[in-house]
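Undergrad: no sequence for this one, just the structure:
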């Protein structure tokens, strides 16, 4: 056996040094690929979850919007029925008008109690419906079609409230699959004497559910409250079987659990295996509103990770090719000198490692400028020039709920370890700030997370800010980083408090600060690679040269102020100044700069109206009247006015219910301001602090008036308004809604 090994493996490859080089290179490449694969797979899963949740929310809102339109149409038309009770033959006109005014309604009936009109017999129910492109009217009640026993009639008659029926095939009526919204009609004494209905075809629901899938093979399922299949890719199953019957033969018991969850109105996600053993991800949630329907999105694991697996396979092939190439280089070098072989192999290994790390690092930083071309209130430019192939500096930014979250940092140490810590820091910033708006709390959570895994005692100096774009209010927390510079009418450092860097000590209480940024002011952030840049005589560039660089250029009096202090102009001028100072000296540290200019323009207010309410839902009708007057003043049409009413009422009722403790009385101030571009609604209260933009959970057991804006309400407001913004200032909650004119 030993002789066979010697024949197969050359002598140069049998030495411990050569084997160690090859094994080390393979382990490093494999570890790097594994890290890439892990983060990529985790990112893809998060993206799939986000896209599935977005699809559930979007289609739920799309269906619910139509349901709301139908419900509102019936409720608004009910008064016409009550006014015509003395004229039974005029009821046909009401049903015909309801269909003519609403494209989603395919049928409408006014079904009266037995013998309500003695001259009309026991069953009097004028019915108008659409069929094959024509509108037809007929008497719905017959001996064969006794509507008094049907769900759409009995339930609202018993409860006295509007009701969405279970889906059904309306044989003898509209002759189609439908669901019906029913509303009791009362006489002058308040007694229910008839049911006013609006039918919605299930064909429309199927079109909505089966359109725009997140993946080609993914599909959606819509269930009724009893588990009846209302929409799915297989047409033969719609309204013919319930979900439990369809999945009864599957071996995966998780499917049964999902069925129970959906039928009980729960939301969640699970992994299941179909009859072929294929792995699938199921995301499900109950639709908003009164229907108690549930919807699920099913995605194939094979399709989701297909590209990633292909890339992984290609990387494996590249690894094998790389190892073969490394072996060839070692063989060639070993013929001349083992020492040269070892040096070349090490150089190849380090070059590959640094190149991969450099590509990972570059891919994490924003590199498209301007990043928000559609916005007119902020301009950003950034630059990072690493001293080596990889570095430990970072910067990042994004906008959420009209707030600009940004940070700049410098990791202790150099090379690959620093770049890995940089990657973790950037990921933590994105993850934490996605649900938190307080800079000091964001930094605190980042610090605690990093301290738990910081076995090498590395740390990060970090400056993190949150700029409220509508007001210019800047809240920030400095963790041992360089003080930024404000460049505007005057130039000066941002005041900072002493805080420890992020990472070394868990539980540190970071202090936050705030100041007001005026329009056309630029926030210039940098790492110490700027001020500590050295020339050939080891002199530092320093803060004095940096401050002089802001005013070093000569400008004519007619030079636009914004261009002088624009982010790109400042960074390019600072880069030129550093290069001129350093000369031929080698760059000793990463050079990172980030400039943010607040460019919000103050437009003249051409409309300003105010309204004060107490935290009493009985005063909501005053709000509706006020909103309609404001919308009329700015020229909104009826549809936009209805949307504004829904969004503003949701926000104000939420404040009434939750801003003040139970039993206390407080005021809610609503102000409307309009300029030539947009309408702004400002809702202010002095109640308990709460940020509705961070609340995502929906408690479907509560009524619509009791649901907090952080659940169903926040999604509705975001859907109807162009933007929302929350601030806590001077002990007051300030929620601002905006709508373009």
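TA: Yep, it's here. This is a predicted model, so every value here is computed, not measured. Residues are numbered from 1 along each chain as shown.
Undergrad: From here on, just use CA atoms for contacts and neighbour counts.
TA: Fine.
Undergrad: neighbours of residue 672, just the number please.
TA: 21 (other C-alpha atoms under 10 Å).
Undergrad: list the contacts for it?
TA: Counting by C-alpha atoms under 8 Å, 6 or more residues apart in numbering, residue 672 touches 607, 608, 609, 610, 630, 679, 680, 681, 682.
Undergrad: helix, strand or coil for it?
TA: Three-state call for residue 672 (DSSP: H, G, I helix; E, B strand; the rest coil): strand.
Undergrad: Surely residue 667 touches residue 615?
TA: Yes - Residue 667 is within contact range of residue 615, at 6.3 Å (criterion: C-alpha atoms under 8 Å).
Undergrad: Looking only at neighbour counts, state which of the two leads.
TA: Neighbour count, other C-alpha under 10 Å: between residue 667 and residue 615, residue 615 has more, with 24 against 18.
Undergrad: Just want the phi and psi numbers for that one.
TA: phi -70, psi 70 (degrees, to the nearest 10).
Undergrad: Name the nearest residue to it, sequence neighbours excluded.
TA: Leaving aside its chain neighbours, residue 615 sits nearest to residue 656 (4.2 Å; criterion: C-alpha to C-alpha, 6 or more residues apart in numbering).
Undergrad: Neighbours of residue 543, how many?
TA: Residues near residue 543, counting by other C-alpha under 10 Å: 13.
Undergrad: Sticking with it, tell me its helix or strand.
TA: For residue 543, the host element (DSSP states H and E) is helix 542-549.
Undergrad: which of the contacts of residue 672 are buried?
TA: Among those, those buried by neighbour count (16 or more other C-alpha atoms under 10 Å) are 630, 679, 680, 681, 682.
Undergrad: While we're on residue 340, how confident is the model there?
TA: Looking at residue 340, its pLDDT reads 69.
Undergrad: Residue 373 now?
TA: pLDDT, residue 373: 89.
Undergrad: what pLDDT does the closest residue to residue 175 other than its chain neighbours get?
TA: Distances taken as C-alpha to C-alpha, 6+ apart place residue 169 nearest to residue 175, at 6.7 Å, with adjacent residues excluded. Looking at residue 169, its pLDDT stands at 83.
Undergrad: so residue 169 makes contact with residue 200?
TA: No - applying C-alpha under 8 Å as the test, residue 169 and residue 200 come out as separate, 11.5 Å apart.
Undergrad: Return every residue with contacts to both of the two.
TA: Shared contacts of residue 169 and residue 200, defined by C-alpha under 8 Å, 6+ apart, are found at residue 178.
Undergrad: Looking at these two, which has the bigger crowd around it?
TA: Between residue 169 and residue 200, residue 200 has the larger neighbour count (other C-alpha under 10 Å), namely 23 against 15.
Undergrad: Quick one: residues contacting the more buried one.
TA: Neighbours of residue 200 in contact, by C-alpha under 8 Å, 6+ apart: 104, 105, 106, 107, 178, 179, 180.
Undergrad: ok, the fifth one - how many residues close by?
TA: Which is residue 178. Neighbours of residue 178 under the rule other C-alpha under 10 Å: 24.
Undergrad: List the contacts of it.
TA: Per C-alpha under 8 Å, 6+ apart, neighbours of residue 178: 167, 168, 169, 170, 199, 200, 201, 202.
Undergrad: What are the phi and psi values at residue 68?
TA: The phi and psi values for residue 68, taken as degrees, to the nearest 10, are phi -70, psi -40.
Undergrad: and it, how many neighbours does it have?
TA: Look at residue 68: counted by other C-alpha under 10 Å, it has 15 neighbours.
Undergrad: Same check on residue 585?
TA: The tally of other residues near residue 585 (other C-alpha under 10 Å) stands at 14.
Undergrad: Look up how far residue 172 lies from the closest residue in space to it that isn't next to it in sequence.
TA: Computed as C-alpha to C-alpha, 6+ apart, the closest residue to residue 585 that is not its neighbour in sequence is residue 536, at 4.9 Å. Residue 536 sits 95 Å away from residue 172, going by C-alpha to C-alpha, to the nearest Å.
Undergrad: ditto for residue 517
TA: 69 Å.
Undergrad: The two: who's more crowded?
TA: Remark: of residue 517 and residue 172, residue 517 carries more neighbours, 20 against 13, as counted by other C-alpha under 10 Å.
Undergrad: from memory the more buried one sits against residue 475, does it?
TA: No - using C-alpha under 8 Å, residue 517 makes no contact with residue 475, being 10.1 Å away.
Undergrad: before we move on, back to that, would you turn the contacts of residue 178 into TSV with distance to residue 386?
TA: Shown next, in TSV, are those (distance: C-alpha to C-alpha, whole Å):
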residue	distance to residue 386
167	63
168	66
169	68
170	71
199	65
200	62
201	62
202	59
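Undergrad: Out of those residues, grab the one that's most surrounded.
TA: Neighbour max across these (other C-alpha under 10 Å) = residue 199, 25 neighbours.
Undergrad: and that one, what does it touch?
TA: Going by C-alpha under 8 Å, 6+ apart, residue 199 touches 105, 106, 107, 108, 178, 179, 180, 181.
Undergrad: Give the helix, strand or coil label for it.
TA: Secondary structure of residue 199, per three-state DSSP, is strand.
Undergrad: Inside strands: which ones of the contacts of residue 200?
TA: Of the positions in the contacts of residue 200, 105, 106, 107, 178, 179, 180 sit in strands, assigned by DSSP state E.
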